[in-house]
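Need a 3D model of the following:
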Amino acid sequence: MNMKLSEKEANLFFDLYTPLLDYTNERLKVGPSFETFWARGDNPNTQLLGLIANELWAHVDIIDDYLQYAPIGEEEKEIIREWKRFVRDEFFVERHLMTGTVFISNRAKKVYLVNGLYSTVKEMLPNASCPIAVVATLLPFKGKIITDGLLASYFMEIPDNVNELLHQIYQETKENNRIIKKL
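A predicted model of the protein is given here:
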C-alpha cells in the first residue's frame, strides 16, 4: 500500500476533476473562465479552485448535468458519479501511516484512511505535527479515499485532552476494525 496515488492514477484524477471544475465554474459563474488562464499559459489559482469546488459540493447535482455532455468513457463517468458520495467536513489529521493518513471527522467522529494525490497528505502539510485541523473533501477513487487536493489547514494549539480523545477514537476504531477505507 502507498500513501498516495500512482502517477497514472493522479493524472487520471486531474484529467477528470479539472474539466468538472471548469464546467461548474462556467455554469455557476464563480470566477474567470479557465480559458482566460490557459490563454496566457497560466492555471487558475488555488483560491479560485477552492471557491469553485465549494460550489460544486454545494450543488452536487451538477455532476449529473456534466456527465450528460462529458466526452469521456463510461468507466470515467462512473468514477465521477461516485464522487457524489463525497464527505466534506472539518477533520483532524491524527497520524500518518504507511498506508495513508488518518482523518477523524470533527462532527461524526468517524475515522478515514486517506491517500494523497501526487503527494502524500504529510507532504501537503509540511512542518506540521499531528493532530492538524483541516477542512477537506474526501472522495472515492478506484477503491481508495482521496482528497480533492484542496486542503484548508488551520494551525492551532490542540489542547492535550483533545489530542488524547483523538488518539482514543483512533485506537478504538482500529481495534474494532472500523477505519473507513472506501466511500
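
Pick out the residue nearest the middle of this protein.
Nearest to the geometric centre of the chain sits Thr147, at 1.7 Å (C-alpha atoms, centre = their mean).

Settle this for me: that residue is touching Leu117, isn't it.
Yes - contact criterion C-beta atoms under 8 Å: Thr147 and Leu117 qualify, at 7.4 Å. To be clear about C-beta, it is placed using only N, CA and C from the backbone, and glycine gets the same treatment.

Skip ahead from the lowest-mean-pLDDT helix or strand in the chain and say which helix or strand is next.
When the helices and strands of the chain are compared on mean pLDDT, DSSP states H and E, helix 34-39 comes out lowest with a mean of 74. Next along the chain after helix 34-39, taking DSSP states H and E as the criterion, comes helix 46-58.

Show the subsequent helix or strand relative to that following helix.
That would be, after helix 46-58 and using DSSP H and E, helix 62-69.

Point out the other elements, helices or strands, that that following helix touches.
helix 7-28, helix 74-82 (3 or more C-beta pairs under 8 Å, 6 or more residues apart in numbering; DSSP states H and E).

got the angle between it and helix 46-58?
90 degrees (axes from the mean of the first three to the mean of the last three C-alpha atoms, to 10 degrees).

mind saving the C-alpha coords of helix 62-69 as PDB?
Below are the C-alpha coordinates for helix 62-69, written out as PDB (Å, rounded to 0.1, in the frame of the first residue of the first chain):
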ATOM      1  CA  ILE A  62     -24.300  19.500 -11.400                       C
ATOM      2  CA  ILE A  63     -22.300  16.200 -11.800                       C
ATOM      3  CA  ASP A  64     -25.300  14.600 -13.500                       C
ATOM      4  CA  ASP A  65     -25.600  17.600 -15.800                       C
ATOM      5  CA  TYR A  66     -21.900  17.400 -16.600                       C
ATOM      6  CA  LEU A  67     -22.000  13.700 -17.300                       C
ATOM      7  CA  GLN A  68     -24.700  14.100 -20.000                       C
ATOM      8  CA  TYR A  69     -22.200  16.000 -22.200                       C
END
